[in-house]
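> take this sequence and fold it.
(one chain, ligands or ions: 1)
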Amino acid sequence: MQFTENAVTAKDIQNAYDLIRPYIKSTPLIRAEKLEALFAGAEIYLKLENMQYTGSFKARGVANKMLSLSKEDLARGVTAASSGNHAQAVAFMASKLGTEAVIVMPENAPTAKVEGAIGYGAQVVLYGFTGEDRDYKCNELIEEYGYCLVHSHTDPLVIAGHATVISEIAEQIQGLTDGGLDEIVFPCGAGSLASGGALAAKSLMPNTRVTAVEPAAVPRFTQSMDAGQPVTVEMGQTFADGLRVSKAEPITYELIRDYVDNLITIEEDPIYRGVREAALRGKIVAEPSACVGLAAALDGQIDMSPGRKVCFVITGGNMDAQVLADILANRSS
Ligand SMILES: *Cc1c(COP(=O)(O)O)cnc(C)c1O
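Next up, the predicted model:
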């Protein structure tokens, strides 16, 4: 492992944990025995960020960022570009902190996510399909109206905030099992969770192997590791709408390179199955992006051998009813 001076430190994550605690939920960490029946004997633990405020872990990083803004900056109002869950988190925190939020979302964003953001009081602008499209529109809004940017994945405060999911797991796991976790598995899109989460894991649970899973359709970090630098890949079709990010950024690239032990890609079919098994066996409503880790296990890419303790971060639970209905009825794959 290569250690460099990263833009986020373990201390930043501890500070974030202290700052955001009154604003976020400590979500359940549960053992999922019913899911264990699918595997060879590993113990499965699920960190249920689908039960976080706004239905995803995104509330954590956004809370850390927005609580760190000056009064003046906060009063200007905030803007963000988001495929969905970041939008809801920004809208939620803006309403908590009494400021205005204008969010740029893709034209193909799930209705549930758009309505979620509007429901928390944000104004939503639907624009384009890629992250670049959204950033362009966002910058236009900043120039015209002076809003403060809450970036979804390059801001060190956002990354440190997301990583508090590991601070919580490190505390909770002690009450559940002796000896800690053998492996922690993160879904990986833009990489803001996996990057800070991996750093936190290396600091708080040094014996735990860290795995990040990205869709084979958009393998930006796998290809970046091969290239030795952050790259942009073609935007393939993935059902995991929260992982539709074509570009790896330097800050997330470096943290993932330095702290993730195992970076893997997953095809679409196991993702559908992951959602179905999470719902029907695990009794958990988890969106496709949240199930790529479970999918990788179902696909035989995670060591699930007897006695291993493997934790999957269930990152969110926001999806359209029709999508869930199709998956449960086995009409999607
Ligand atoms: C944002 C998101 C991810 C991916 O997180 P990144 O930090 O972009 O890698 C995974 N699952 C859900 C539910 C998300 O909202």
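
> next, count neighbours for the nearest residue to residue 119 once chain neighbours are set aside.
Residue nearest to residue 119 in three dimensions, not counting chain neighbours: residue 91, with 7.8 Å by Cβ to Cβ, 6 or more residues apart in numbering. C-beta: built from backbone N, CA, C; applies to glycine. Number of residues near residue 91 (other Cβ atoms under 10 Å) recorded here: 27.

> any idea which element residue 91 lies in?
Here residue 91, judged by DSSP states H and E, is contained in helix 85-97.

> mind giving me the packing neighbours of that helix?
If contacts are counted by 3 or more Cβ pairs under 8 Å, 6 or more residues apart in numbering; DSSP states H and E, helix 85-97 sits against helix 58-67, strand 78-81, strand 101-105, helix 111-119.

> let me have these in a markdown table, adding mean neighbour count, distance to residue 187 and mean pLDDT as columns.
A markdown table is the format used below for those (neighbours: other Cβ atoms under 10 Å; distance: least, Cβ to Cβ, whole Å; pLDDT from 0 to 100):
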| stretch | mean neighbour count | distance to residue 187 | mean pLDDT |
| --- | --- | --- | --- |
| helix 58-67 | 29 | 12 | 98 |
| strand 78-81 | 28 | 20 | 96 |
| strand 101-105 | 25 | 20 | 96 |
| helix 111-119 | 20 | 16 | 91 |
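
> the ligand: which of these is closest?
Each of the helices and strands packed on helix 85-97 was scored for nearness to the ligand using Cβ to the nearest ligand atom, and the closest is helix 58-67 (5.4 Å).

> do the closest one and the ligand meet?
Yes - Helix 58-67 comes into contact with the ligand (Cβ under 6 Å from any ligand atom), by way of residue 58.

> show me the contacts for the closest residue to the ligand within the stretch 1-150 of the chain.
For the stretch 1-150 of the chain and the ligand, the shortest gap (Cβ to the nearest ligand atom) falls at residue 85, measuring 3.3 Å. By Cβ atoms under 8 Å, 6 or more residues apart in numbering, residue 85 lies in contact with 54-56, 58, 113, 242, 316, 318.

> identify the residue nearest it in space, chain neighbours excluded?
Nearest non-adjacent residue to residue 85, counting by Cβ to Cβ, 6+ apart: residue 56, 4.0 Å away.
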